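Novice: After the sequence you'll find the predicted model.
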Amino acid sequence: MVPTLYWEGDVVMILDQRKLPGKTTFIACKDMRRVIYCIQTLAVRGAPAIGVAAAMGLVLAARAIRVKDPVKWRERFSASAEIMRAARPTAVNLSWAVERMLALADAAPQEVETILAMLRRESELMLAEDIAINKAMGRHGAKLVPKKATILTHCNAGSLATGGYGTALGVVRAAAEAGKRVKVIADETRPLLQGARLTAWEMVQEGIPVAVAPDGAVGAIMDKDLVDLCVVGADRIAANGDVANKIGTFNVALQARRHGVPFYVAAPLSTIDLDTPSGDLIPIEERDPGEVLSFAGSKAAEGSEAINLAFDVTPNDLVTAIITEKGVLKPPYNRSLAAAKAVDKI
Ligand code: MRU
């Protein structure tokens with residue numbers, strides 16, 4: 001699998017996902033602003049990948065601070081961290097990664113050179129950890145997949161959305177690796193087609209059968225009994241189990257409930273935000289209307305406006321279970337999410 005992002009010497013290399021599946025090109029980021037550009041334009045996207053990119057971007061920011069006094073250095077670093085934190089609002093992994101880098105810088109010894117080396121190591125650790133976490137999540141999730149199953153997913157929660165292996169697609173991969181006969185239905189995921197371009201690409205490369213379907217077809221497809229289970233990723237999970245994910249996920253969950261299809265969310269514990277009590281408090285990104293108003297060379301009628309909410313919130317009662325690296329969490333989520341996060345802190 002092509003890497004999502006990696007260090008090449010002192011440069012952060014980011015796979016430009018806007019060009020996929022046609023072209024595999026990397027953007028070389030030598031400063032934090034370039035990493036933020038990649039995050040905001042969705043060259044790198046997906047909650048865990050955004051978190052790792054933010055950590056790497058902060059290493060670049062840290063290196064660019066030309067102050068020797070450790071107190072002043074930390075002030076400058078904190079200011080950069082706040083700029084990074086604001087890059088995209090919904091995926092809590094971004095804030096989570098920023099907090100982790102800030103905490104490390106605070107706890108580090110005084111010498112700037114030492115702090116820099118520790119931040120760099122931490123960013124590498126976060127990338128490696130993310131892959132290990134996804135594999136653990138995959139092992140837990142694969143147990144929920146029947147021997148022969150068609151799995152519907154929305155957006156791309158695959159290797160491309162993470163450090164590698166994927167969350168929702170990690171479950172698919174692990175099930176396939178366990179010898180199960182899995183097929184994937186990838187919602188195309190308007191307006192930016194993360195399903196059609198990215199999920200389908202990953203599955204084709206992996207040799208896992210995949211069919212792309214328009215977002216609006218989910219009900220009809222389930223009516224035909226073509227789906228055994230749904231697995232999606234998440235950008236932020238509130239303390240009560242409400243799930244923010246790519247726009248259209250809520251519709252999938254509603255259809256799944258209507259048709260008696262299990263609806264699973266696969267996400268690392270870093271996506272669970274106990275400081276946000278419920279989904280209505282999750283900030284939802286609104287993107288450029290142009291993403292909606294034109295498509296494949298066609299344009300909406302001149303004078304129309306657009307509603308371009310990048311994410312929606314699926315209420316917890318529609319979520320069958322949440323698959324994490326620590327196991328499968330069941331309702332009541334207030335209790336199971338808090339318990340899993342508490343264990344994670346030990
Ligand atoms: O706007 P995007 O492409 O960053 O949205 C991505 C999603 O909604 C993913 O499903 C989510 O981040 C989980 S990725 C493992």
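Specialist: Cool, the structure landed.
Novice: Could you check how many residues crowd around the closest residue to the ligand within the stretch 101-250 of the chain?
Specialist: Here the residue of the stretch 101-250 of the chain nearest the ligand is G233; by CB to the nearest ligand atom that distance is 2.8 Å. To be clear about C-beta, it is placed using only N, CA and C from the backbone, and glycine gets the same treatment. Applying the criterion other CB atoms under 10 Å, we find 31 residues in the vicinity of G233.
Novice: Report the contact partners of the spatially closest residue to it that is not a sequence neighbour.
Specialist: Once its chain neighbours are removed from consideration, G233 has its nearest residue in A157; the separation is 2.7 Å (CB to CB, 6 or more residues apart in numbering). By CB atoms under 8 Å, 6 or more residues apart in numbering, the contact set of A157 is G46, G166, T167, A168, L169, V231, V232, G233, A234, A266.
Novice: can you tell me which of these are in strands?
Specialist: V231, V232, A266 (DSSP state E).
Novice: residues contacting the last one?
Specialist: Read that as A266. Under the criterion of CB under 8 Å, 6+ apart, the neighbours of A266 are 137, 141, 157, 167-168, 170-171, 231-234, 322-324.
Novice: Next to the ligand, which bits of this structure? Give me the list.
Specialist: 42, 45-48, 91, 155, 157, 161-162, 167, 194, 233-235, 245-246, 310 (CB under 6 Å from any ligand atom).
Novice: Just the buried ones among those, please.
Specialist: Buried positions within the residues of the chain next to the ligand, assessed by neighbour count (16 or more other CB atoms under 10 Å), are 42, 45-48, 91, 155, 157, 161-162, 167, 194, 233-235, 245-246, 310.
Novice: Which secondary structure element is home to the closest residue in space to E206 that isn't next to it in sequence?
Specialist: In space, and not counting its chain neighbours, E206 is closest to R173: 6.7 Å by CB to CB, 6+ apart. Here R173, judged by DSSP states H and E, is contained in helix 168-177.
Novice: T199 is in contact with C155, isn't it?
Specialist: Yes - the pair T199 and C155 qualifies as a contact (CB atoms under 8 Å) at a distance of 7.4 Å.
Novice: shared neighbours, these two?
Specialist: When CB under 8 Å, 6+ apart defines a contact, the residues bordering T199 and C155 alike are T189.
Novice: now what about the host helix or strand of A81, what contacts it?
Specialist: A81 belongs to helix 70-85 when assigned by DSSP H and E. Contacts made with helix 70-85 from outside it, assessed by CB under 8 Å, 6+ apart, are listed as 32, 35-36, 54, 57-58, 61-62, 65, 67, 94-95, 98, 101-102, 105-106, 110-112, 115.
Novice: count of neighbours near P109?
Specialist: Residues lying near P109 (other CB under 10 Å) number 10.
Novice: how about V231, what does it touch?
Specialist: Contacts for V231 (CB under 8 Å, 6+ apart) come out as G141, I151, L152, T153, A157, A168, V171, V172, Y264, V265, A266, I323.
Novice: any idea which helix or strand comes after the longest helix anywhere in the chain?
Specialist: Longest helix in the chain by number of residues (criterion: DSSP state H): helix 112-142. Scanning forward in sequence from helix 112-142 by DSSP H and E, the next helix or strand is strand 148-153.
Novice: quick one: buried residues of that following strand?
Specialist: When burial is assessed from 16+ other CB under 10 Å, strand 148-153 yields the following buried residues: A149, T150, I151, L152, T153.
Novice: tell me the angle of it relative to helix 168-177?
Specialist: Direction vectors for strand 148-153 and helix 168-177, defined by axes from the mean of the first three to the mean of the last three CA atoms, to 10 degrees, enclose an angle of 170 degrees.
Novice: Need the contacts of A266 in JSON lines (columns: pLDDT and distance to E177).
Specialist: Output for the contacts of A266, formatted as JSON lines (pLDDT from 0 to 100; distance: CB to CB, whole Å):
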{"residue": "M137", "pLDDT": "98", "distance to E177": "13"}
{"residue": "G141", "pLDDT": "98", "distance to E177": "12"}
{"residue": "A157", "pLDDT": "98", "distance to E177": "17"}
{"residue": "T167", "pLDDT": "98", "distance to E177": "16"}
{"residue": "A168", "pLDDT": "98", "distance to E177": "15"}
{"residue": "G170", "pLDDT": "98", "distance to E177": "10"}
{"residue": "V171", "pLDDT": "98", "distance to E177": "11"}
{"residue": "V231", "pLDDT": "98", "distance to E177": "15"}
{"residue": "V232", "pLDDT": "99", "distance to E177": "20"}
{"residue": "G233", "pLDDT": "98", "distance to E177": "19"}
{"residue": "A234", "pLDDT": "98", "distance to E177": "23"}
{"residue": "I322", "pLDDT": "98", "distance to E177": "22"}
{"residue": "I323", "pLDDT": "98", "distance to E177": "16"}
{"residue": "T324", "pLDDT": "98", "distance to E177": "19"}
